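Novice: Could you work out the structure for the sequence below:
(one chain, ligands or ions: 1)
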Amino acid sequence: MQPVPQSPDIPNFNAFASREELAEALAKEVAADLAHGIEANGKAALAVSGGSTPKPFFEALKQQPLTFSSLDVTVADERWVPATDEDSNEKLVRDHLLTDGARFISLYNGASSAEAGEEVAEEALRKMGLPFDVVILGMGPDGHTASLFPGHPRLEDALGSEHRLCFGITDAPKPPPERMTLTKHALLQTRRLILHITGTDKKQVLEEALKPGPVSELPIRAFLHQDDVPLEIYWAA
Ligand code: 6PG
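Specialist: So this is what the prediction gives:
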């Protein structure tokens, strides 16, 4: 489980020989942070991303020796479907990460639309009590992260709001179109911020995003080019 040496071109870049090794190493790192949080504060808070990339990481984290009953878990974004739906990020987390005792804070609350569900989701996040110990972001091939999509009419608000923790998103280009995303303000309230990506295509997008340019074109830039908390990248081909 040897990380390949850091890339000279990308700051905080940890490359692994395989996706499995990445998942295992990331799980150990995250478990250590969460254990530290539990020791210091009596509980820890974790925000994970959905999609296909994190499944092996979830399975590896589940195996770590952690006091899961002291852990609160939520998602960086949720697809606006019930937790029984195959598209639900909550379902993904419940099926692959949660073990006995860990508490899941749902963003989906059954409102008729994500926008209609904003207030209740916001309240759930406030009750959870930020900061997070760890936030793990994913990234799409279009440079979106969470449900912060390029050129979306609500992108500016979701990136710029200083007080909102989440925003309802309609017409997302990645299905399903109705989603709830944490804001940049919420996602940066974390002790540790990690971007977990795989594939050479996504590495190329990352390299592009590292160059100066509009955040609205590649929203991941909002997390790469900020000074609040360093973004660490975990990658395998
Ligand atoms: C979602 C996400 C999303 C995801 C990226 C990467 O619910 O769709 O949270 O932001 O992290 O789209 O998805 P993949 O891992 O499937 O490539």
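Novice: Give the next helix or strand downstream of the longest strand along the chain.
Specialist: Using DSSP state E to define each element, the chain has its longest strand at strand 190-198. Next helix or strand after strand 190-198 toward the C-terminus (DSSP states H and E): helix 200-210.
Novice: So what touches that next one?
Specialist: The contact list for helix 200-210 (C-beta atoms under 8 Å, 6 or more residues apart in numbering) reads 9-10, 139, 141-143, 195, 197, 218, 220-221, 224, 233, 235, 237. (C-beta placed from N, C-alpha, C; glycine too.)
Novice: what helix or strand is Gln39 on?
Specialist: One correction, residue 39 is Glu, not Gln. Going by DSSP H and E, Glu39 is part of helix 19-41.
Novice: And the longest strand of the chain, how far out from the chain middle?
Specialist: 7 Å (C-alpha atoms, centre = their mean, to the nearest Å).
Novice: What lies in contact with it?
Specialist: 19, 22, 26, 29-30, 33, 37, 47, 49, 53-54, 57, 130-139, 145, 187, 203, 206, 220, 223, 229-237.
Novice: let's see 6 Å
Specialist: 19, 33, 53, 131-137, 139, 229, 231-236 (C-beta atoms under 6 Å, 6 or more residues apart in numbering).
Novice: If any of these are buried, give me the ChimeraX selection for them.
Specialist: In ChimeraX syntax, the buried subset of the contacts of strand 190-198 is picked out as below (16 or more other C-beta atoms under 10 Å):
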select :19,33,53,132,133,134,135,136,137,139,229,231,232,233,234,235,236
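Novice: Out of the contacts of strand 190-198, just show me the ones up against the ligand, please.
Specialist: Near the ligand, judged by C-beta under 6 Å from any ligand atom, the entries from these are 53, 139.
Novice: Keep only those of the contacts of strand 190-198 that are in helices.
Specialist: 19, 33 (DSSP state H).
Novice: can you tell me which of the contacts of strand 190-198 are in strands?
Specialist: 132-137, 231-236.
Novice: Reformat those residues into TSV and put distance to Pro214 and pLDDT next to each item.
Specialist: Supplementary listing: the ones in strands among the contacts of strand 190-198 in TSV, determined by distance: C-beta to C-beta, whole Å; pLDDT from 0 to 100:
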residue	distance to Pro214	pLDDT
Phe132	27	98
Asp133	31	98
Val134	28	98
Val135	23	98
Ile136	25	98
Leu137	19	98
Leu231	18	97
Glu232	24	97
Ile233	21	97
Tyr234	26	97
Trp235	24	97
Ala236	29	97
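Novice: Closest one of those to the ligand?
Specialist: Closest approach between the ones in strands among the contacts of strand 190-198 and the ligand, by C-beta to the nearest ligand atom: Leu137, at 7.0 Å.
Novice: what does the protein put close to the ligand?
Specialist: For the chain, the contact set with the ligand under C-beta under 6 Å from any ligand atom comprises 49-53, 76-77, 79, 89, 138-140, 144-146, 174.
Novice: with those residues in mind, which one is nearest to Met180?
Specialist: Asp77 (6.4 Å; C-beta to C-beta).
Novice: returning to that earlier point: who does the longest strand of the chain pair up with?
Specialist: strand 132-137 (parallel), strand 231-236 (parallel) (DSSP bridges).
Novice: Quick one: the ones in strands among the contacts of strand 190-198 as TSV, columns for distance to Ser69 too.
Specialist: Shown next, in TSV, are these (distance: C-beta to C-beta, whole Å):
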residue	distance to Ser69
Phe132	18
Asp133	15
Val134	18
Val135	21
Ile136	21
Leu137	26
Leu231	30
Glu232	27
Ile233	31
Tyr234	27
Trp235	32
Ala236	31
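Novice: Good, wrapping up.
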